[in-house]
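Student: Sequence and predicted structure below; questions after.
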Protein chains: 2
Amino acid sequence: MKKILVVGLGLIGGSLAMALQGFEDFEVVGAVRSQATFEKAQAKRAADRLTFDPAAELPGADVVVLCQDPAGIIAFLEEHRDRFKPGCLIWDVCGVKTAVMEAAGRLPAGVDFIGCHPMAGKEVSGIGNAEGGLFRNTHFIVTPGPGSTREHLDLLGRMADWCQFGDVIVTTPERHDEMIAYTSQLMHVIAVSVCADEGLFSCKGFEGGSFRDCTRVAALDPAMWTQLFTLNAPALCRAVGALEERLGQYRRVIEAGDREALLSMLAQASGRKKQIDLERARGDDVRPSF
Amino acid sequence: MKKILVVGLGLIGGSLAMALQGFEDFEVVGAVRSQATFEKAQAKRAADRLTFDPAAELPGADVVVLCQDPAGIIAFLEEHRDRFKPGCLIWDVCGVKTAVMEAAGRLPAGVDFIGCHPMAGKEVSGIGNAEGGLFRNTHFIVTPGPGSTREHLDLLGRMADWCQFGDVIVTTPERHDEMIAYTSQLMHVIAVSVCADEGLFSCKGFEGGSFRDCTRVAALDPAMWTQLFTLNAPALCRAVGALEERLGQYRRVIEAGDREALLSMLAQASGRKKQIDLERARGDDVRPSF
């Protein structure tokens, strides 16, 4: 029997360990650090087997899935670089790819690291909220390394199918980070910026669905998002700066009472949104998640 | 039998006409302008009776519900000011209240205008998308006029109950407009600003739920939102300016690589969001909508 070692059973790692159970002829081993996580993971049978000692599992692990935060993944690769089984496949799940792929570049030849980003999540974290169906119909973004083999890419694709991802997007780490700065990180900066307003606690009774939706992701993990933002600073700062510029344009035409310019800006932006909604509805049945 | 005249059967007016049917001993009459709306409203029995001639109904209408856009409501009040039945109750549904209450101030004495804002909606508009259950568990914001009677406020409260609103919030037009600038109009400015980005069409495969949620309301009606933004310009510009300032703060600490400051800002904002989510979960079972 072959072995998948999932390191870190939080929301994503726990859900992956659950989703991967039964995949081909693999045993799924989950590595945890705390007794509390061990007990919760055991209670919900999050993996075929649990361990506190990932290092001991590495020489026999055909697939290693790193589900820590970015700094945890980078530190793990460094600490255990000589323990990975030759020819094994390592993949990760974190939300930045350039920094992780750079760290993976220092692995021994014959160890194949493929950067991954499952576009799935919840507002709540931890093994307690993990579920095997979390990835159903979401995007699975993949950034292969320079030496990634066809065999490993195929194996990863079969795991993605088994976890019921909606599609697999193959791209470069740089393009991933540029896109994610706009589609995900910027949304989180917006949400926390809106929630920093003094009006947050006085607006009860006046919130509609647009407010709830826009601020949903503000309940984030500060330490993890500090890492994600910092590791993607240039792209994220470009995206935030571009949004500031556009908000300023709206503010200025509204201040000036220039209805014609405002109408034209709104018509253009809403037209773009309606067009993209149509395209999504036509060509794409993937439900984006988180 | 008494009469409720609903003027304008779009998404909100059509849904109200549907929700109000059967309320006490009132007949619900729906006033439409186009043949297409008439036919759709008839097909889905949106009102007890339909008319193209609201002026002819006004002298016998005990309650008039104005469901046009802001300019349409203000123009209607002016055009028909001497046709309203003495002692009648008029209420509206539009998203700004100060401008509408000012126009209502020019009505004859004995005609009671109460500003209303049902915090309900959908991304799609028109009678075709109207449904009687649209208001279930949403906020109903009410701004009484200087001469609003207890009797009319009670009648309005019973109508809100009948339509299954989750709660009724009574406030001033000024406070309504200040709060709505932050909780609703700002969310729409954010959504259209994000959708104006050139990345919108190239980010396919990289969008998660946060992106879908934040941009959902960008598919807005440009003409109506030009009116809403313009009629609430000072409060909205303050809200947009404050957001620009906060986004700039995030951009600067990320650019500077100041992890400590970033962590502290994220911890504070996410803490506020978690606190408000807790308060909402404890004290408030109203599902905010749109």
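Tutor: Right, received. Where do you want to start? Numbering: from 1, shown residues only, chains lettered A, B, ... in the order given.

Student: can you map out the strands along the stretch 151-290 of chain A?
Tutor: A:167-170 (DSSP state E, counting those that start in this stretch).

Student: Please, where are all the helices along it?
Tutor: Applying DSSP state H, counting those that start in this stretch to the stretch 151-290 of chain A gives helices spanning A:173-180, A:186-195, A:209-215, A:222-231, A:233-255, A:259-283.

Student: got these as a markdown table, with distance to chain B columns?
Tutor: (Each C-beta comes from the backbone N, C-alpha and C, glycine too.) Supplementary listing: the helices of the stretch 151-290 of chain A in a markdown table, determined by distance: least, C-beta to the nearest C-beta, whole Å:
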| stretch | distance to chain B |
| --- | --- |
| helix A:173-180 | 4 |
| helix A:186-195 | 4 |
| helix A:209-215 | 4 |
| helix A:222-231 | 4 |
| helix A:233-255 | 4 |
| helix A:259-283 | 4 |
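
Student: out of the ones you listed, deepest packed?
Tutor: helix A:186-195 (a mean of 25; mean count of other C-beta atoms under 10 Å in any protein chain shown).

Student: Next, the angle helix B:233-255 makes with that one.
Tutor: Angle of helix A:186-195 versus helix B:233-255, following axes from the mean of the first three to the mean of the last three C-alpha atoms, to 10 degrees, is 120 degrees.

Student: Helix A:186-195 relative to helix A:173-180, how many degrees between them?
Tutor: 30 degrees.

Student: Correct me if wrong: residue A:125 contacts residue A:221.
Tutor: Yes - at 6.1 Å, residue A:125 counts as touching residue A:221 under the criterion of C-beta atoms under 8 Å.

Student: hey, C-alpha coordinates of stretch A:179-192 in PDB?
Tutor: The C-alpha trace of stretch A:179-192 is given here as PDB (Å, rounded to 0.1, in the frame of the first residue of the first chain):
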ATOM      1  CA  MET A 179      -4.400  37.000 -10.200                       C
ATOM      2  CA  ILE A 180      -4.900  36.100  -6.600                       C
ATOM      3  CA  ALA A 181      -3.800  39.600  -5.500                       C
ATOM      4  CA  TYR A 182      -6.900  40.900  -7.400                       C
ATOM      5  CA  THR A 183      -9.500  38.100  -6.900                       C
ATOM      6  CA  SER A 184      -8.800  37.100  -3.300                       C
ATOM      7  CA  GLN A 185      -6.300  39.200  -1.400                       C
ATOM      8  CA  LEU A 186      -7.900  42.500  -2.500                       C
ATOM      9  CA  MET A 187     -11.300  41.300  -1.300                       C
ATOM     10  CA  HIS A 188      -9.800  40.600   2.100                       C
ATOM     11  CA  VAL A 189      -8.200  44.100   2.300                       C
ATOM     12  CA  ILE A 190     -11.500  45.600   1.300                       C
ATOM     13  CA  ALA A 191     -13.400  43.600   4.000                       C
ATOM     14  CA  VAL A 192     -11.100  44.500   6.800                       C
END
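
Student: pLDDT averaged over stretch A:188-202 - what is it?
Tutor: Mean pLDDT, stretch A:188-202: 95.

Student: which outside residues touch it?
Tutor: A:211, A:214-218, A:220, A:225, A:229, A:236, A:240, A:243, B:179, B:182-183, B:186, B:190, B:194, B:210, B:214, B:239, B:242-243, B:246-247, B:250, B:265-266, B:268-270, B:272-273, B:276 (C-beta atoms under 8 Å, 6 or more residues apart in numbering or on different chains).

Student: Repeat that for stretch A:48-62.
Tutor: A:2-5, A:7, A:21, A:26-33, A:38, A:41-42, A:64, A:76, A:80, A:83-85, A:88-89.

Student: how near is residue A:223 to residue B:266?
Tutor: 8 Å (C-beta to C-beta, to the nearest Å).

Student: what does residue A:202 give?
Tutor: Distance from residue A:202 to residue B:266, by C-beta to C-beta: 22 Å.

Student: what's the answer for residue A:206, then?
Tutor: Counting by C-beta to C-beta, the gap from residue A:206 to residue B:266 is 25 Å.

Student: To what extent is residue A:148 buried, counted in neighbours?
Tutor: 18 (other C-beta atoms under 10 Å in any protein chain shown).

Student: That one against residue A:116, yeah?
Tutor: No - applying C-beta under 8 Å as the test, residue A:148 and residue A:116 come out as separate, 11.4 Å apart.

Student: Of the contacts of stretch A:48-62, which belong to strands?
Tutor: A:2-5, A:7, A:26-31, A:64, A:89 (DSSP state E).
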